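>>> I would like the atomic coordinates for the input below:
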Amino acid sequence: MSRTVGTGGAQAAPPSPVRTPLRSPVRSPMRSPLRGTALHAGAWWVWALGLATAASRTTNVLLLAMLVGVAGYVVAARRTDAPWARSYGVFLKLGLVVIGIRLAFAVVLGSPIPGTHTVLTLPEVPLPHWAQGVRLGGRVTAEGLLFAFCDGLKLATLLVCVGAANALANPARLLKSLPGALYEAGVAVVVAMTFAPHLVADVQRLRAARRLRGRPDRGLKALLQVGLPVLEGALERSVALAAAMDARGYGRTARVPRAVRHTTSALTLGGLLGVCAGTYGLLADAGGGYGMPLLGAGLAAALAGLRLGGRRSVRTRYRPDRWGVRAWLVSASGAAVAALMIWAGTYAPGALHPPAVPLGAPELPVWPAVSVLVGLLPAFVAPAASREGAMTGGHRRAGGQRSLAAAAEGDPRPLPRPPLEGAPAFPEPGAGPRPPGRAQGSAPARAVGGPEHPGVAGPTPKEAP
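Numbering: from 1, shown residues only. Next up is the predicted model:
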């Protein structure tokens, strides 16, 4: 240590600063936990389309009921609290409406199935000779009603499968996974798909508000008074979405040579036609031989066209979703259900399509029923339901019920907000992290009042020297 001589005697020089090693950066607690745990949205759609394909291959009431039960169990086990997850009940009600309409047509217009068990007889309206084959009224048989019920249940099962995919898959994340050539069309489809869940949430919120105010929430008058705010909110969301998309540069395209554009159009159009023809062949009873080759060729041509068409789209992807092992298992379970049901049609066609005449109870085939149970695999291998709704603007249903109950009882206290994902929760004031040198019971530092230094900790004007 060096010393300096002056009027005051020997004086030590100031010590040199101590260098401390740099610490490793600490990860932010606000990091989203969904990136590594959420399932790919496309896997849910592959699984649901597999169940829908299996439903289209049978009219057995027991198998169709099992497919509806499998879809409902997976949705109940793995759906989140997001707004789009509440739309599954709407698809169930829509399926019941489809069954009712099909039965009404069978009663009014008759059924092509001859039967001997007459349920009721309606007055028949005579029709001109050019309307042969169509009748209004007449005899309604139990065999015709059973045939109409099975047909309507098949359509309802298809709707339930689509509703399950809509409730489990995040539409925004599904949009991120689309190829560049379908990005603009995907935006329109995803916006249309997300409109229905938000519409249902708006109707439920407005009906709850009317009940709290003591007004009726059912009837034509209530429907008209609820419909106007719902349409107004939908219009406001549409305008805000259009402005946000325009500000973010949606619709930009890059320059592509003309030959590449023509090749892309030919491959895409031919591939889509091949996919349509192959899908029709798979769904038809007599088209199983040419359906799969056409579907494979169409998919190959369509994928090549989409890859070339992606050059026109100028966009980036932030944290793209990965197709992991769980996504493969979920999609494979749906494809296995479809393949096993198609194969069952080759050795047990009578079990998949029981005749309506003579009238009798349907039998449950063992191996097709076991193949339907394969669709339960996502309920065990898919990641558990995360609080995705809290991060995307959705509210938990339990919190919403507590809010309505507190408001109905006249509780004036403000309701607590749900904590952010990843943020530390401090139940009491002063229980959080404290600066060094401050005791738990010490008073907090006061802030300087005034417009010059708002919120700066320090002494008050009376204590300032």
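>>> residues near Met104, how many?
Quick fix: residue 104 is Ala, not Met. 12 (other CB atoms under 10 Å). Bear in mind the C-beta positions are built from the backbone N, C-alpha and C, glycine included.
>>> Assign a three-state SS to it, would you?
Under DSSP: H, G, I helix; E, B strand; the rest coil, Ala104 falls in the helix class.
>>> quick one: Phe105 and Ala148 touch, right?
Yes - with contact defined as CB atoms under 8 Å, Phe105 counts as touching Ala148 (7.2 Å).
>>> who's more crowded, those two?
Taking neighbours as other CB under 10 Å, Phe105 and Ala148 compare with Ala148 leading, 22 against 14.
>>> Next up, the contacts around the more buried one.
Arg102, Leu103, Phe105, Ala106, Ser111 (CB atoms under 8 Å, 6 or more residues apart in numbering).
>>> looking just at contacts, which helices and strands does the lengthiest helix in the chain meet?
Counting by DSSP state H, the longest helix found in the chain is helix 183-212. Counting contacts by 3 or more CB pairs under 8 Å, 6 or more residues apart in numbering; DSSP states H and E, helix 183-212 is packed against helix 171-176, helix 220-247, helix 397-408.
>>> so which of those is the most packed in?
Mean neighbour count (mean count of other CB atoms under 10 Å) peaks for helix 171-176 among the helices and strands packed on helix 183-212, with a mean of 18.
>>> Determine the set of other helices and strands touching that helix.
Judged by 3+ CB pairs under 8 Å, 6+ apart, helix 171-176 is in contact with helix 41-56, helix 183-212.
>>> Can you tell me which of those is nearest to Gly138?
helix 41-56 (30.5 Å; CB to CB).
>>> Can you dump the C-alpha atoms of the helix or strand following that closest one in CSV for me?
Sequence-wise, the next helix or strand downstream of helix 41-56 (DSSP states H and E) is helix 61-78. Taking C-alpha atoms only, helix 61-78 is exported to CSV below (Å, rounded to 0.1, in the frame of the first residue of the first chain):
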residue,chain,number,x,y,z
VAL,A,61,-76.1,-47.3,-33.0
LEU,A,62,-73.8,-48.9,-30.4
LEU,A,63,-70.6,-48.2,-32.3
LEU,A,64,-71.7,-44.6,-33.0
ALA,A,65,-72.5,-44.1,-29.3
MET,A,66,-69.1,-45.5,-28.4
LEU,A,67,-67.4,-43.0,-30.8
VAL,A,68,-69.3,-40.1,-29.2
GLY,A,69,-68.3,-41.3,-25.8
VAL,A,70,-64.7,-41.6,-26.7
ALA,A,71,-64.6,-38.1,-28.1
GLY,A,72,-66.4,-36.7,-25.1
TYR,A,73,-64.1,-38.5,-22.6
VAL,A,74,-60.9,-37.1,-24.3
VAL,A,75,-62.4,-33.6,-24.5
ALA,A,76,-63.3,-33.7,-20.8
ALA,A,77,-59.8,-35.0,-19.8
ARG,A,78,-57.6,-32.8,-22.0
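>>> I figured Ile342 hits Gly291, correct?
No - the criterion here is CB under 8 Å, and Ile342 misses it with Gly291 at 9.3 Å.
>>> residues shared between the contacts of these two?
Leu282.
>>> Any idea how many residues pack against Leu64?
Neighbours around Leu64, by other CB under 10 Å: 22.
>>> Pretty sure it sits against Thr157.
Yes - the criterion here is CB under 8 Å, and Leu64 meets it with Thr157 at 4.9 Å.
>>> which residues are in contact with both of these two?
Going by CB under 8 Å, 6+ apart, residues that sit against Leu64 and also against Thr157 are Ala55.
>>> tell me the pLDDT at Met30?
pLDDT, Met30: 41.
>>> quick one on the thing from earlier: tilt between the longest helix of the chain and helix 220-247?
140 degrees (axes from the mean of the first three to the mean of the last three CA atoms, to 10 degrees).
>>> Could you give the average pLDDT over helix 183-212?
76.
>>> Which elements pack onto the lengthiest strand in the chain?
Counting by DSSP state E, the longest strand found in the chain is strand 118-125. The elements that strand 118-125 packs onto, with contact taken as 3+ CB pairs under 8 Å, 6+ apart, are strand 136-141, helix 142-168.
>>> Mind listing residues that contact the shortest one?
Right, strand 136-141. By CB under 8 Å, 6+ apart, the surrounding residues in contact with strand 136-141 are 106-111, 113-125, 127.
>>> My understanding was that Ala336 contacts Val374; is that so?
Yes - here Ala336 reaches Val374: they are 5.1 Å apart, a contact under CB under 8 Å.
>>> pLDDT weak spots in the stretch 251-400 of the chain?
Residues of the stretch 251-400 of the chain that meet the criterion pLDDT under 70 lie in 251-254, 283-289, 310-320, 385-400.
>>> all strands of it, in order?
Ranges of strands within the stretch 251-400 of the chain: none, based on DSSP state E, counting those that start in this stretch.
>>> what about the helices in it?
For the stretch 251-400 of the chain, applying DSSP state H, counting those that start in this stretch gives helices covering 258-283, 288-309, 325-347, 349-352, 366-373, 378-381, 388-391, 397-408.
>>> Out of these, which gets nearest to Arg57?
The nearest among those, by CB to CB, is helix 325-347 at 4.9 Å.
>>> Which strands and helices lie in contact with the closest one?
Helices and strands touching helix 325-347, by 3+ CB pairs under 8 Å, 6+ apart, are helix 41-56, helix 288-309, helix 349-352, helix 366-373, helix 378-381.
>>> buried set for it?
326-327, 329-342, 344-345 (16 or more other CB atoms under 10 Å).
>>> Output that helix in PDB, but only the C-alpha positions, please.
Provided in PDB are the C-alpha atoms of helix 325-347 (Å, rounded to 0.1, in the frame of the first residue of the first chain):
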ATOM      1  CA  VAL A 325     -43.700 -38.200 -29.800                       C
ATOM      2  CA  ARG A 326     -47.000 -37.400 -28.100                       C
ATOM      3  CA  ALA A 327     -48.300 -35.800 -31.300                       C
ATOM      4  CA  TRP A 328     -47.400 -38.900 -33.200                       C
ATOM      5  CA  LEU A 329     -49.200 -41.200 -30.700                       C
ATOM      6  CA  VAL A 330     -52.300 -39.000 -30.700                       C
ATOM      7  CA  SER A 331     -52.500 -38.800 -34.500                       C
ATOM      8  CA  ALA A 332     -51.700 -42.500 -34.900                       C
ATOM      9  CA  SER A 333     -54.600 -43.500 -32.500                       C
ATOM     10  CA  GLY A 334     -57.100 -41.700 -34.700                       C
ATOM     11  CA  ALA A 335     -55.600 -43.200 -37.900                       C
ATOM     12  CA  ALA A 336     -55.700 -46.600 -36.300                       C
ATOM     13  CA  VAL A 337     -59.400 -46.300 -35.500                       C
ATOM     14  CA  ALA A 338     -60.200 -45.300 -39.100                       C
ATOM     15  CA  ALA A 339     -58.000 -48.100 -40.600                       C
ATOM     16  CA  LEU A 340     -59.400 -50.800 -38.300                       C
ATOM     17  CA  MET A 341     -63.000 -49.800 -38.900                       C
ATOM     18  CA  ILE A 342     -62.400 -49.800 -42.700                       C
ATOM     19  CA  TRP A 343     -60.900 -53.300 -42.400                       C
ATOM     20  CA  ALA A 344     -63.800 -54.400 -40.300                       C
ATOM     21  CA  GLY A 345     -66.100 -53.600 -43.200                       C
ATOM     22  CA  THR A 346     -64.400 -56.300 -45.300                       C
ATOM     23  CA  TYR A 347     -65.100 -59.200 -42.900                       C
END
